[in-house]
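Enquirer: give me coordinates for this.
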Amino acid sequence: MSKKNQKLAEDMLRTSSQKHFNKTELECLIHFYQNLMGHVKMDRNQFRDILHQRFNMTEDLLMDRVFRAFDKDSDSFISLIEWVEGLSIFLRGTQEEKIEYAFTVYDLNGDGYISREEMFQMLKTSLVKQPTEEDPDEGIKDLVEITLKKMDHDHDSRLSKTDFRDSVIIEPLLLEAFGPCLPDEKCACAFENQVLVVKKHRG
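Expert: Down below sits the predicted model:
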């Protein structure tokens, strides 16, 4: 690993918001990013390729929302620091961090609430895989109502961050209630092992 990347990792350890990677792991993530990107930033399509190939994500809407959650400065690129900070939560985040992240993904218009319409849109994307004789929209509308009944604690027909958080604390499976936005354990382990294998080959 180059001296430059070691210095970069040390700086990140001191200044970035990520709390879950040590210096060696940061060096590996830096190497992986630079190996892929050279000296340019990662764009939306490259990021989606990683989500698809490494983490088996397939839904366009959700992949786009995960991209936006990583892209903190909204410049339509994932910088090295955004890559590291995003992966810190994506792979190893605490429950609180993952709740905050998932809410950001599901709040499609960024108004601080997950509305009926947003739930409908995400569930339709995640659940309707092929056309059927029956109208799938009715079933999805029913699912939205059931979800609201379970999660909308203040009964205002939308989910605030507090509603979402309280629901997930009680029932952790609700974290990805509106579609997969985090890697399953198998994909996360495979990715981490692959990144560490890069380090071993080089060192």
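Enquirer: Three-state assignment for the residue nearest to D107 when sequence neighbours are not counted, please.
Expert: Excluding the flanking residues, the one nearest D107 by CB to CB, 6 or more residues apart in numbering is I114, at 5.6 Å. Where you see a C-beta, it was placed from the backbone N, CA and C, and this is true even at glycine. Three-state assignment for I114 (DSSP: H, G, I helix; E, B strand; the rest coil): strand.
Enquirer: double-check I114 against F164; I have them as touching.
Expert: Yes. Under the criterion of CB atoms under 8 Å, I114 makes contact with F164 at 6.7 Å.
Enquirer: and L36, how close does it get to L8?
Expert: Applying CB to CB, to the nearest Å, the value for L36 to L8 is 16 Å.
Enquirer: out of these two, which sits in the busier spot?
Expert: L8 (19 against 13; other CB atoms under 10 Å).
Enquirer: just the element for that one, please.
Expert: helix 3-15 (DSSP states H and E).
Enquirer: next SSE downstream of that helix?
Expert: helix 23-37.
Enquirer: who does the helix or strand that that next one is followed by touch, helix- and strand-wise?
Expert: Per DSSP H and E, the first helix or strand lying C-terminal to helix 23-37 is strand 42-43. Counting contacts by 3 or more CB pairs under 8 Å, 6 or more residues apart in numbering; DSSP states H and E, strand 42-43 packs against strand 77-78.
Enquirer: where in the chain is pLDDT low?
Expert: Applying pLDDT under 70 to the chain flags residues 1, 128-134, 196-203.
Enquirer: 80 instead?
Expert: Across the chain, the ranges flagged by pLDDT under 80 are 1-2, 127-136, 196-203.
Enquirer: can you give me the helices in it?
Expert: Using DSSP state H, the helices of the chain run over 3-15, 23-37, 44-55, 60-70, 80-92, 95-106, 116-127, 136-151, 161-170, 185-202.
Enquirer: packing partners of the second one?
Expert: Here helix 23-37 touches helix 3-15, helix 80-92, helix 185-202, going by 3+ CB pairs under 8 Å, 6+ apart.
Enquirer: and those helices, which is most packed in?
Expert: Highest mean neighbour count among the helices and strands packed on helix 23-37 (mean count of other CB atoms under 10 Å): helix 80-92, with a mean of 21.
Enquirer: hmm, V195 is touching N35, no?
Expert: No. Judged on CB under 8 Å, V195 makes no contact with N35 at a distance of 10.3 Å.
Enquirer: return the distance of stretch 90-102 from the chain's centre.
Expert: Relative to its chain's centre, stretch 90-102 lies at 8 Å (CA atoms, centre = their mean, to the nearest Å).
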